[in-house]
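Enquirer: Pasting the sequence and the predicted coordinates here, then a few questions.
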Amino acid sequence: MATRDEEVYDYLFKVVMIGDSGVGKSNLLMRYTKGDFNIESKTTIGVEFATKSIKTQDKKVIKAQIWDTAGQERYRAITNAYYRGAVGALLVYDVTSMQSFQHVANWLKELKQYADSNIVILLVGNKTDLKDKREVKKEDAAQYADQHSLAFIETSALDCSNVDLAFDRIINEIYKVIS
Ligand code: GDP
Ligand code: MG
């Protein structure tokens with residue numbers, strides 16, 4: 001039986017959310033997919049994913065399947081099933097936590113180890129609404145992203161700034177790479 005979930009699409013992109021626990025990954029995903037979302041749980045392997053379809057300028061329908069952890073990053077216990085087949089990664093840190101930014105290097109190492117070498121990575125500095133608590137300068141993160149050939153954006157899941165732009169950007173970047 002056809003359900004809304006089985007709509008026609010031209011491409012299916014698996015995108016994974018990674019980064020330290022507490023940086024706002026789940027909130028970013030909820031913000032992006034709210035209103036048009038479809039959370040499916042794979043509790044056995046401790047992941048959840050949400051899907052959202054977008055249309056490209058040339059009228060192709062891309063279904064993004066965005067995977068979120070169920071907190072295993074706290075124990076550094078993300079399995080390689082999480083990374084398998086992923087064509088994009090949102091690597092999130094918290095602009096109010098220098099530590100979460102310093103850990104970006106570890107996450108890149110993990111991506112190198114488990115993910116496809118062509119994976120498109122968007123570095124995301126989240127929680128820009130907490131202006132007084134900022135510990136990571138935008139210029140420093142931009143420079144780091146440049147050095148490591150990552151796309152970069154700052155967001156706030158709380159006040160919504162740049163959230164749609166972040167996801168749309170990675171999906172478009174992936175589309176550019178594969179088309
Ligand atoms: P995750 O562990 O990376 O999935 O992080 P969560 O999405 O669970 O968020 C961790 C905490 O940070 C929660 O208390 C959220 O309410 C808070 N949080 C997430 N995003 C933002 C944001 O953009 N601004 C602020 N001020 N808090 C946020
Ligand atoms: Mg989470």
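Expert: That came through, no problem. Ligands and ions are numbered 1, 2, ... in the order given.

Enquirer: Give me the phi and psi for the residue nearest to residue 33 when sequence neighbours are not counted.
Expert: Leaving out its chain neighbours, the residue that sits closest to residue 33 by C-beta to C-beta, 6 or more residues apart in numbering is residue 50, at 4.2 Å. In short, each C-beta sits where N, CA and C put it, glycine included. Backbone torsions of residue 50, given as degrees, to the nearest 10, read phi -120, psi 150.

Enquirer: And the helices in the chain?
Expert: Here the chain has its helices, by DSSP state H, at 25-33, 80-83, 98-102, 104-114, 138-147, 163-178.

Enquirer: Buried residues of stretch 58-67, list them for me.
Expert: 62, 63, 64, 65, 66, 67 (16 or more other C-beta atoms under 10 Å).

Enquirer: Oh, that last question was meant for stretch 21-37, not what I typed.
Expert: Quick answer for stretch 21-37 (16+ other C-beta under 10 Å): 23, 24, 25, 26, 27, 28, 29, 30, 31, 32, 33.

Enquirer: do stretch 164-179 as well
Expert: Neighbour-count burial for stretch 164-179 flags 166, 167, 169, 170, 171, 173, 174, 175 (criterion: 16+ other C-beta under 10 Å).

Enquirer: can you redo the residues you listed as JSON lines with pLDDT and distance to residue 91?
Expert: JSON lines is the format used below for the buried residues of stretch 164-179 (pLDDT from 0 to 100; distance: C-beta to C-beta, whole Å):
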{"residue": "166", "pLDDT": "98", "distance to residue 91": "11"}
{"residue": "167", "pLDDT": "97", "distance to residue 91": "13"}
{"residue": "169", "pLDDT": "96", "distance to residue 91": "13"}
{"residue": "170", "pLDDT": "97", "distance to residue 91": "10"}
{"residue": "171", "pLDDT": "96", "distance to residue 91": "15"}
{"residue": "173", "pLDDT": "95", "distance to residue 91": "13"}
{"residue": "174", "pLDDT": "96", "distance to residue 91": "14"}
{"residue": "175", "pLDDT": "96", "distance to residue 91": "19"}
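
Enquirer: I am finished for the moment; much appreciated.
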